[in-house]
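Peer 1: could you work out the structure for the sequence below:
(one chain, ligands or ions: 1)
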Amino acid sequence: MKLIFERSVPGRHSDLLPVCDVPAAPADYAPRTRAPRLPELAEVQVDRHFTELAGETRGVNGGFYPLGSCTMKYNPAVNERLAALPGFTDIHPLQPADTVQGALELMKTEEKYLCEITGMDAMTLQPAAGAHGEFTGLLLIKAYHRSRGDQARTKIIVPDSAHGTNPASAAMAGFEVVNIASDANGYVDLDALRAAVGPDTAGLMLTNPNTVGLFDPHIEEITRIVHEAGGLNYYDGANLNAVMGIARPGDMGFDVMHLNLHKTFSTPHGGGGPGSGPCGCKAFLADFLPGLRVGDSPEGLVRQTALQTIGNMRSFAGNFLVIVKAYAYLLSIGREGVPVTAANAVLNANYMMNRLKDLYPMAYDTVCMHEFVMTLEQMKHQIDVSAMDIAKALLDHGIHPPTMYFPLIVHEALMVEPTETESKETLDEAIEVFRRIHEEALRDPEAIRMSPRTTRIQRPDEVKAARKPAVTYDFGA
Ligand SMILES: Cc1ncc(COP(=O)(O)O)c(C=O)c1O
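Peer 2: The predicted structure is shown next:
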């Protein structure tokens, strides 16, 4: 595929824009010594260029995308329609409150719904991502211990089955991270937890369901141990898709948590849009919440600030239009749809896992939640075909690879999360592809090691691509 600069022809242009009627700046005003070398093309060429680029992109709209830990569920078009309404797009965060009552009401109602789903008492919608929500929650924990004059609580306990952002957020918030190992079943090792807690424990961060797709059966015992030691319990709720409407972190003994609207609540990820990681807490922490809070007054809804706020985590209301999209999603699935969504996510994962486990050994052979982890260690050892090779081979069949080599506690891991938005037919097709690739790997391992064979680029140097991406065009002279 040609770069847009390679298609450029001097003098070619689109007549779409009117001739500039702004007087040119004086020569000594602009530091630029020559005009920018923009590509010169007709509109149709620009259109075709971007259409071709879009065709090269893999997304949920293009095919099965079982990227474990990321919940790449379908983002319904109605979310986008609602978020594009001028009443949401044409407002300014500094407008007087009485002119944006609808937006404030939406935020207040969404906070109420999310609190009801999670069992929390208050929630800020300000954080811009899951990890940002974690950081916010940890600052709440810090503010709480400080407010009680308890400066000795400097450590956050993080099980090794936590999402990688958990220890990173704890370190960023200025805590010392205490790592504890999982037991043989992939759950928190209770003895290790009992040994780790003490007067220096600020809290525990638990990812549940954890990164191996399991719900910890000792969850109430875990939160009790931490509370008895004087620490607070943080719930990484990014995986709430498996349990929403069925079990609530607030009822399990958790004091603070975050959600990923761009996972569970069907808003786009990454290149598809910014994220949102609301952070919820129990009432005794609500006074520390950051940023804009929506409150009642005789004149209507007003913007407020919590009494002992930790400050702003982001400007104004956070990624407001993402919040609108999640609101649209919640309204469209309704109260009854929340647990059904979770149940179907778990059902789909268990269906796929059970139809694959005779060929692909599972890291933990038990009922999984919304995702499962296979370990290809034996395959690697016996025929030198790795998790990476299988993942790359899937690309030849139009399937986005699952998450590879994560979680770190599983060797040659492939982590598969189908989500509830996939039909049984799609799952059956994907299962068939996995099985065919396995058969080909045994028959012709070299062919699988050469995969993908149908894509424009086969095996780039991934470290170089990530660390030294070529994002500028070299004009030569
Ligand atoms: C369990 C879990 N926690 C935290 C995060 C971090 O979220 P974000 O990537 O939005 O910062 C993720 C991301 O997928 C996650 O899966």
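Peer 1: number of nearby residues for the closest residue to His218 other than its chain neighbours?
Peer 2: In space, His218 comes closest to Leu190 once its chain neighbours are excluded; the distance is 6.0 Å by CB to CB, 6 or more residues apart in numbering. (C-beta placed from N, C-alpha, C; glycine too.) Applying other CB atoms under 10 Å, we find 15 residues neighbouring Leu190.
Peer 1: wondering if the top helix by length along the chain reaches the ligand at all.
Peer 2: In the chain, with assignment by DSSP state H, the single longest helix is helix 320-356. No: remark: helix 320-356 sits outside contact range of the ligand, by CB under 6 Å from any ligand atom, the gap being at least 11.1 Å.
Peer 1: just the CA coordinates for stretch 328-344, please, in PDB.
Peer 2: Only the C-alpha atoms of stretch 328-344 are listed here, as PDB (Å, rounded to 0.1, in the frame of the first residue of the first chain):
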ATOM      1  CA  ALA A 328     -26.900   4.600  26.500                       C
ATOM      2  CA  TYR A 329     -25.600   1.100  26.900                       C
ATOM      3  CA  LEU A 330     -27.100   0.800  30.400                       C
ATOM      4  CA  LEU A 331     -30.400   2.100  29.300                       C
ATOM      5  CA  SER A 332     -30.500  -0.200  26.300                       C
ATOM      6  CA  ILE A 333     -29.800  -3.400  28.200                       C
ATOM      7  CA  GLY A 334     -31.800  -2.400  31.200                       C
ATOM      8  CA  ARG A 335     -31.800  -3.700  34.800                       C
ATOM      9  CA  GLU A 336     -32.700  -7.200  33.600                       C
ATOM     10  CA  GLY A 337     -30.000  -7.200  30.900                       C
ATOM     11  CA  VAL A 338     -27.100  -6.500  33.300                       C
ATOM     12  CA  PRO A 339     -27.000 -10.000  34.800                       C
ATOM     13  CA  VAL A 340     -27.900 -11.700  31.500                       C
ATOM     14  CA  THR A 341     -24.900 -10.000  29.900                       C
ATOM     15  CA  ALA A 342     -22.600 -11.400  32.600                       C
ATOM     16  CA  ALA A 343     -24.100 -14.800  32.400                       C
ATOM     17  CA  ASN A 344     -23.700 -15.000  28.600                       C
END
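Peer 1: can you list the weak-confidence ranges in the stretch 51-200 of the chain?
Peer 2: The stretch 51-200 of the chain contains no residues with pLDDT under 70.
Peer 1: residues in contact with whichever residue of it sits closest to the ligand?
Peer 2: In the stretch 51-200 of the chain, no residue comes nearer to the ligand than Gly130, which is 2.3 Å away by CB to the nearest ligand atom. Going by CB atoms under 8 Å, 6 or more residues apart in numbering, Gly130 touches 163, 165, 236, 238, 258-260, 262-263, 275, 277.
Peer 1: ok, Asp183 next?
Peer 2: Applying CB under 8 Å, 6+ apart to Asp183 gives the contacts 189-190.
Peer 1: go with 7 Å
Peer 2: Asp189 (CB atoms under 7 Å, 6 or more residues apart in numbering).
Peer 1: tell me the phi and psi of it?
Peer 2: When read as degrees, to the nearest 10, the backbone of Asp183 gives phi -80, psi -180.
Peer 1: do the same with Asn179
Peer 2: Backbone geometry at Asn179, expressed as degrees, to the nearest 10, gives phi -90, psi 130.
Peer 1: can you confirm Ala54 is in a strand?
Peer 2: No: Ala54 sits outside any strand when classified using DSSP: H, G, I helix; E, B strand; the rest coil, being helix.
Peer 1: and it, how close does it get to Gly277?
Peer 2: 28 Å (CB to CB, to the nearest Å).
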